[in-house]
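1. Quick one: sequence plus predicted model below, questions after.
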Amino acid sequence: MELNVNDFMRWIELTNETIQQQKNYLTSLDQPIGDGDHGINMARGLQEVMNKLQTNEYQEPSEVLKNVSMTLLSKVGGASGPLYGTAFLKMSMAIKGLNSVSMEDFTKGLQVALDGIKQRGKSNAGEKTLIDVWSPVVEHFSNQDVTSDRLMETAKRAMEETTNTIATKGRAAYFKEKSLGHIDPGSASSFYMFEALAKVLKEKE
Amino acid sequence: MKKIINDPNQVVQDMIDGLIMANPATLKQVPETFVVAREDAPVQGKVALVSGGGSGHEPAHAGYIGKGVLDAAVCGEVFTSPTPDQVLEAIRAVDGGAGVFLVIKNYTGDVLNFEMAQELAEAEGIKVSHVIVNDDVAVEDSSFTTGRRGIAGTVFVHKIAGAKAEAGGSLEEVQAVAEKVVANVRSMGMALTPCIVPAAGTPSFELEEDEMEIGMGIHGEPGINRGSITSADEIAIALTDKILADYDFSGEVAVLVNGLGATPAMELYILNKKIHQILEEQGINVYKTFVGEYMTSLEMAGCSVSLLKVDDELKELLDAASEAPAFRI
């Protein structure tokens, strides 16, 4: 399977749809262990991304991702803006020059995106951050033939498992043990991104 | 929600406009940004200081712009870090060729956005360095976690690093003295009531009528303990003891008693009296005291106490002239 400009556009479009629908839910996840603005910030950022994408024409997927990155960086704020901005920027650089992206190349893109998030956030898996979803998803892409169902399942399980970890990075870290029992909001928004990606794959399967 | 605002989504812009109208000779807004800068920026040959963070902490940070303190402040949305492009605009606007120094409070969002802006500016050939302020002793200090928050002690970093830059210090010298302040300042706060972020419309936490929280952060982050309200003297003891237990302050200190927005000056002076008594009992000499609103949390009631251990160098820089509206000396 190969992904072209339209597939990447569709990925972002579906991500935006879900984030807008789940805006209040994301904020409600952020209220008990954060500062209660994750849904508001992500919804604002992705709406801007859509406005940008709809008014421009793109020759190759990396241009779409670069635009997503720059818009998220300047419109989301908080920690999510630079983290997602870095992820999409790294991914964009990894697939630069390709009109059609093979699953192998896309996997490389996801891997450097994850590395970028870790480096930017000075964080690793198990600290109750979005890395807890990105890590298993990247591993899933690297290890086996990806199907939409398995991708969805991997991302969902990873998000749910953040309920069982104590935050040591991000604002939730101030809550220490009290961060147990809550889903990490950044993991939830990352799940929605991969859920949208799974839908794109499903449409092509 | 009862606030003197027009549109919750316009509060930052409206505030910046009003602030500049109050200080037209000394402040300007960098066009199409939420960056406020010294009217005469960029000052050629001087290291420029940029601070900033979420809005809602006024007079932090734009109130500290002026000769002798900051060159620019980046105003984020309420309680939300400004984005890298905004910080980059501030860096560009104030760079006078000697480099730009960023004062960052230790919150994940602030650190990520400011560091990213630093990388972007460096890619443009601007010399940039930074310090991360983490003075809040209510949070456990650990290199494995996010670590301590930056609160009102940041004001001392602005003032002293700003004085060093104004005196012609190099970027390396400004950074060295800023790090010295960070190493020698500790703070802790407490809250009596929550505050409401205008766009949210409801408080992010609740405190009962007779409750207070010791150690609460300036965005309502959790503190050390929540309990029944006690006397001013007991509050002063709780805050000051924890600060004194964290660092050896023997010698001389500057004291900053900060109101969080809804606490009257009267109560801050009552606290200050007890803080001075405690320091005297410990044989610690008070060099200078600042009482007022320096880093607020919207309409939260409560306070914070900051102590800075001073030597001759820090005293001289603390006493240097400042034209910043919120810290005139």
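-> Cool, got the structure.

2. the strands in the chain, which residues?
-> Went with chain A since none was named. Counting by DSSP state E, chain A has these strands, from start to end: A:2-3, A:101-102.

3. Not quite, go with chain B.
-> Remark: strands of chain B, listed N- to C-terminal, are B:27-29, B:35-38, B:48-55, B:72-78, B:100-105, B:128-133, B:185-191, B:211-214, B:225-228, B:252-259, B:285-292, B:302-309; assignment by DSSP E.

4. could these be laid out in CSV, adding mean neighbour count and mean pLDDT?
-> In this view, the C-beta of every residue, glycine as well, is placed from N, C-alpha and C. Putting these into CSV (neighbours: other Cβ atoms under 10 Å in any protein chain shown; pLDDT from 0 to 100) gives the following:
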stretch, mean neighbour count, mean pLDDT
strand B:27-29, 20, 98
strand B:35-38, 26, 98
strand B:48-55, 29, 97
strand B:72-78, 27, 95
strand B:100-105, 28, 98
strand B:128-133, 21, 98
strand B:185-191, 28, 98
strand B:211-214, 20, 96
strand B:225-228, 12, 94
strand B:252-259, 23, 98
strand B:285-292, 15, 98
strand B:302-309, 27, 98
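
5. returning to what we had before: which among the strands of chain A is found nearest to chain B?
-> Go through the strands of chain A one by one with Cβ to the nearest Cβ and the one that ends up closest to chain B is strand A:101-102, at 26.0 Å.

6. which strands and helices sit next to the closest one?
-> Secondary structure elements in contact with strand A:101-102, counted by 3 or more Cβ pairs under 8 Å, 6 or more residues apart in numbering or on different chains; DSSP states H and E, are strand A:2-3.

7. Residues contacting the strand it packs on, please?
-> The contact list for strand A:2-3, computed with Cβ atoms under 8 Å, 6 or more residues apart in numbering or on different chains, reads A:P61, A:S100, A:V101, A:S102, A:M103, A:F106, A:V200.

8. how close does the second one get to A:S62?
-> Okay, so that is A:S100. According to Cβ to Cβ, to the nearest Å, A:S100 and A:S62 sit 12 Å apart.

9. Quick one: low-confidence residue ranges for the chain.
-> Just going to use chain A. In the predicted model, chain A carries no residue with pLDDT under 70.

10. oops, chain B please
-> Applying pLDDT under 70 to chain B picks out residues B:142-144.

11. Give me the buried positions along stretch A:16-35.
-> Going by neighbour count (16 or more other Cβ atoms under 10 Å in any protein chain shown), the buried part of stretch A:16-35 is A:16, A:18-19, A:22-23, A:26-27, A:29-35.

12. what's the offset of it from the middle of its chain?
-> Relative to the centre of its chain, stretch A:16-35 is centred 14 Å away, using Cα atoms, centre = their mean, to the nearest Å.

13. That one near chain B at all?
-> Yes. If you take Cβ under 8 Å from any Cβ of the partner chain as the test, stretch A:16-35 does meet chain B, through A:Q31, A:D35.

14. Regarding that stretch, how distant is the last residue from the first?
-> Start-to-end span of stretch A:16-35 (Cα to Cα, to the nearest Å) is 22 Å.

15. and chain A, which residues reach chain B?
-> Counting by Cβ under 8 Å from any Cβ, the residues of chain A near chain B are A:31, A:35-37, A:40-41, A:73-79, A:81-83, A:85-86, A:120-121, A:168-171, A:173-175, A:178.

16. Buried among those? Make that a ChimeraX selection.
-> Buried members of these, identified by 16+ other Cβ under 10 Å, are gathered into one ChimeraX selection as follows:
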select /A:31,35,36,37,40,41,73,74,75,76,77,78,79,81,82,83,85,86,120,121,168,169,170,171,173,174,175
